[in-house]
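Peer 1: sequence first, predicted model second:
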Amino acid sequence: MEERSLYTIRENALIAQDVYRLRLEGKGGWVRRPGQFVNIALDGLYLRRPISVCDWDEGSLTLIYKVVGRGTARMSRMTPGQTLDLLTGLGNGFDPDAAQGRSVVLVGGGVGVPPLYGLARVLRGRGQRVRCVLGFRSACDVFYEDELRALGCETFVATNDGTRGERGFVTDVLRQLDYDYYYACGPQAMLSAVHALGKQGQLSFEERMGCGFGACMGCSCQTLTGSKRICVDGPVLLSEEVRFDG
């Protein structure tokens, strides 16, 4: 169930080109699985902004967002001590149990990377070997490579222009790895390309959302079992149920 709560900003720091880390003080215990998200209310803007949870504990949340429009631009100007109105407890999140006994890779593209950090922390806490493949446009866009390595994850970076890591896409790296299960989050083109490699896994979608709790149907997508709402039936879907053919 969603819950409305007020959070106090403790940090709002630029960590890559147009990308900010927002650390909030407030209830974090509602997070049941990595990959869930919050919906943030901003004064003067009708629709809340959905942002995935990067990390959490009982008294704090860490969110990472990219400035792409009026809402996130306004967020980037907020300072420590200000408060934000959040709807929490949203989305189904990743299922970490599916990784047990498997060779696992976490695949993130751009702002699809943050929810994978929380997942990596959970998996590493269980003693699971974790490899991460991160995709960005250029070196100036790269973030959380060092943080994932600090968790003990073997981490690979691919950039479109080759200015950091391997030149190309996350799929170019994945083809060089031996794995049998993946968790992926990123733009739909990336998810489609990862899905096409034919492995089993879980995909977290970055659909544009309206209400964030299933009332408006604005983020519906087609699956093999019919239409699903990304905000409540997702954002995580199983690879075997996803359709990328329209």
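Peer 2: Okay, I see it. Numbers count the residues shown, from 1 in each chain.
Peer 1: doesn't residue 173 fall inside a helix?
Peer 2: Yes. Per DSSP: H, G, I helix; E, B strand; the rest coil, residue 173 lies within a helix segment.
Peer 1: mind giving me the domain split of the chain?
Peer 2: Per the record, the chain has its domains at 3-90, 96-241, by automatic domain parsing.
Peer 1: reformat the ones you listed as CSV; add mean neighbour count and mean pLDDT.
Peer 2: In short, each C-beta sits where N, CA and C put it, glycine included. Formatted as CSV, the domains of the chain follow (neighbours: other CB atoms under 10 Å; pLDDT from 0 to 100):
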stretch, mean neighbour count, mean pLDDT
domain 3-90, 17, 95
domain 96-241, 18, 88
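Peer 1: partner strands of the strand of greatest length in the chain and their direction?
Peer 2: Secondary structure assigned by DSSP state E gives strand 3-16 as the longest strand of the chain. Using DSSP bridges, the strands paired with strand 3-16 are strand 19-25 (antiparallel), strand 83-90 (antiparallel).
Peer 1: report back the residue of this protein that's furthest from centre.
Peer 2: Most distant residue from the mean C-alpha position of the chain: residue 44, 26.3 Å away (CA atoms, centre = their mean).
Peer 1: state the distance from that residue to residue 26.
Peer 2: In this view, residue 44 and residue 26 are 22 Å apart by CB to CB, to the nearest Å.
Peer 1: quick revisit: closest to residue 105 out of the strands paired with strand 3-16?
Peer 2: For the strands paired with strand 3-16, distance to residue 105 was read as CB to CB. The smallest value, 22.7 Å, belongs to strand 19-25.
Peer 1: list the helices and strands the lengthiest helix in the chain packs on?
Peer 2: Secondary structure of the chain per DSSP state H: the longest helix is helix 114-125. In terms of contacts (3 or more CB pairs under 8 Å, 6 or more residues apart in numbering; DSSP states H and E), helix 114-125 is packed against strand 49-57, strand 104-109, strand 130-136, helix 145-150, strand 181-185.
Peer 1: I'd like the next helix or strand past the first one.
Peer 2: Read in the C-terminal direction, the helix or strand following strand 49-57 is strand 60-66, with elements assigned using DSSP states H and E.
Peer 1: which residue packs closest to residue 238, ignoring adjacent ones?
Peer 2: With sequence-adjacent residues excluded and distances taken as CB to CB, 6 or more residues apart in numbering, residue 238 is closest to residue 202, at 6.0 Å.
Peer 1: surely the one you found touches residue 241?
Peer 2: No. Assessed by CB atoms under 8 Å, residue 202 is found out of contact with residue 241, at 10.3 Å.
Peer 1: shared neighbours, those two?
Peer 2: When CB atoms under 8 Å, 6 or more residues apart in numbering defines a contact, no residue borders residue 202 and residue 241 alike.
Peer 1: what does the helix or strand encompassing the residue nearest to residue 238 rub up against?
Peer 2: Under the criterion of DSSP H and E, residue 202 resides in strand 200-204. Strand 200-204 has contacts (CB under 8 Å, 6+ apart) with 35, 52, 94-95, 98, 112, 115, 180-185, 191, 194-195, 234-240, 242.
Peer 1: check contacts around the residue most central in space within the chain.
Peer 2: For the chain, residue 115 is the residue whose C-alpha lies nearest the centre (CA atoms, centre = their mean; 3.5 Å). By CB under 8 Å, 6+ apart, the contact set of residue 115 is 34-35, 37, 52-54, 93-94, 185, 204.
Peer 1: much appreciated, bye for now.
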